[in-house]
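Student: Provided below are the primary sequence and the corresponding predicted coordinates.
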Amino acid sequence: MQATLKKMVTFQGVGLHSGAPARLEIHPAPAGHGIVFRRSDLTPAVDIAARWDHVTPSKLCTLMDDGKGTTLSTVEHVMAALAGTGIHNGLVIVDGPEVPILDGSSAPFVRGILRAGIAVQAAPLRAIRVLRPVEVREGEAFARLTPADHLEIDFEIDFVDAAIGHQEKRLDMANGAFLRELADSRTFCRQADVDAMRRNGLALGGTYLNAVVVDGARVLSPGGLRHADEAVRHKMLDAMGDLALAGAPLLARYTGHRAGHAMTNRLLRALFADPTAWEWETCSPALEDRLPGAGVAAYDLAATAWVAA
């Protein structure tokens, strides 16, 4: 069955790139509504459905676009939290052009959603079943979807910085795995990249507290890593959020090799461009039990995930 929040929940922080104060509210929504973002700072307010075809290419984040000039950036962490807690319907109101970065992970959003409560709705849930392999490539990087009975994510990264290096991880995302394994993993970057972005007026809201910053073999962020492989876990978190823009739970295995936001969006576009590669499936109770948000609870969050919202 579909689900929404029992009550509204609010998050306050700053935008990662602008550094400006940012407020986000997630409101309950009726069955069939889906996830919709609203820019409340505009007159009139502008709504953008959280869907793959409303994404414009961006290497630094997932950028939503209404097609008429209104954008909203960095939606991936809240989308991952919604997917990971099994929220299918919600109105996400943001008072500016960026979602607040909070601690750089999905954990604060997950914590707030669980605090608000999850309301099961009297409407059947449909999933998107991938029927055959779909792949996109760019140089050595690729992203692929293959058939599976539930969502799996398999990711591999390789960075020259010894603090990251080569990492790979594969997870079955059923039954709270997102909360236990990925939700508290923070975005990461190299100090040299931070310096370059700031010279170009970006990352003005980034700090050592809302991102893992590395310089060669050194982790500059206080407290070090939450997981030895936090970097690849965060890439999987990003993929979870970007795949949620399919508009319904995916029954597929996602494989990413050096992939990023733009490539995952290209993959969804390739999937939906081929009507023989996917089909709708109404979820049976047994299938619902294998979805990422089934039966999630606060104890699924690791201790490091309990950060201030």
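Tutor: Good, I have the coordinates. What you are looking at is a predicted structure, and each value in this text was computed from that prediction instead of being measured.
Student: from here on, just use CA atoms for contacts and neighbour counts.
Tutor: OK.
Student: Ile35 against Ala50, yeah?
Tutor: Yes. If you go by CA atoms under 8 Å, Ile35 and Ala50 touch, sitting 5.5 Å apart.
Student: which one's more surrounded, the two?
Tutor: Ile35 (26 against 23; other CA atoms under 10 Å).
Student: for that one, what are its contacts?
Tutor: By CA atoms under 8 Å, 6 or more residues apart in numbering, the contact set of Ile35 is Ala49, Ala50, His88, Asn89, Gly90, Leu91, Val92, Gly247.
Student: please, where are all the helices along the stretch 201-309 of the chain?
Tutor: 230-243, 261-273, 285-288 (DSSP state H, counting those that start in this stretch).
Student: just say which of the ones you listed is most tucked in.
Tutor: helix 230-243 (a mean of 26; mean count of other CA atoms under 10 Å).
Student: which other helices and strands contact it?
Tutor: If contacts are counted by 3 or more CA pairs under 8 Å, 6 or more residues apart in numbering; DSSP states H and E, helix 230-243 sits against helix 76-84, strand 152-158, strand 166-172, helix 261-273.
Student: extract the C-alpha set from it and format it as CSV.
Tutor: Taking Å, rounded to 0.1, in the frame of the first residue of the first chain, the C-alpha atoms of helix 230-243 are listed here in CSV:
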residue,chain,number,x,y,z
GLU,A,230,31.8,6.0,3.8
ALA,A,231,32.6,7.4,0.4
VAL,A,232,31.1,4.5,-1.6
ARG,A,233,28.2,4.3,0.9
HIS,A,234,27.4,7.9,0.1
LYS,A,235,27.6,7.3,-3.6
MET,A,236,25.0,4.5,-3.1
LEU,A,237,22.9,6.9,-1.0
ASP,A,238,23.0,9.4,-3.9
ALA,A,239,22.0,6.6,-6.4
MET,A,240,19.1,5.7,-4.1
GLY,A,241,17.8,9.3,-4.2
ASP,A,242,18.4,9.6,-8.0
LEU,A,243,16.6,6.3,-8.7
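Student: quick one: it to chain centroid distance?
Tutor: Chain-centre distance of helix 230-243: 7 Å, with CA atoms, centre = their mean, to the nearest Å.
Student: how many degrees apart are it and helix 261-273 in direction?
Tutor: In terms of direction (axes from the mean of the first three to the mean of the last three CA atoms, to 10 degrees), helix 230-243 departs from helix 261-273 by 40 degrees.
Student: follow-up on the earlier one: pick out the most distant pair among the contacts of Ile35.
Tutor: Taking CA to CA, the two most distant members of the contacts of Ile35 are Val92 and Gly247; they sit 14.7 Å apart.
Student: what helices and strands are in contact with the worst-scoring helix or strand of the chain on mean pLDDT?
Tutor: Using mean pLDDT, DSSP states H and E, helix 191-199 stands out as the lowest-scoring helix or strand of the chain, at a mean of 80. On a contact count with 3+ CA pairs under 8 Å, 6+ apart, helix 191-199 meets strand 212-215.
Student: avg pLDDT for the strand it packs on?
Tutor: The pLDDT scores in strand 212-215 average 90.
Student: show me what it pairs with in its sheet, parallel or antiparallel.
Tutor: When pairing is defined by DSSP bridges, strand 212-215 lines up against strand 188-190 (parallel), strand 218-219 (antiparallel).
Student: what's the average pLDDT for the shortest one?
Tutor: This means strand 218-219. Here strand 218-219 scores 92 as its mean pLDDT.
Student: can you check stretch 46-60 too?
Tutor: Mean pLDDT, computed over stretch 46-60, is 91.
Student: ok, stretch 277-289 next?
Tutor: Here stretch 277-289 scores 97 as its mean pLDDT.
Student: try stretch 224-231
Tutor: For stretch 224-231, mean pLDDT rounds to 94.
Student: that stretch: end-to-end distance?
Tutor: 12 Å (CA to CA, to the nearest Å).
Student: need the contact partners of it.
Tutor: Residues outside stretch 224-231 that contact it (CA under 8 Å, 6+ apart): Ile164, Gln167, Asp184, Ser185, Arg186, Thr187, Phe188, Val212, Val219, Thr304.
Student: is it true that the third one lies in a strand?
Tutor: To tie it back to what came earlier, the one meant is Asp184. No. Asp184: not assigned to a strand; according to DSSP: H, G, I helix; E, B strand; the rest coil it is coil.
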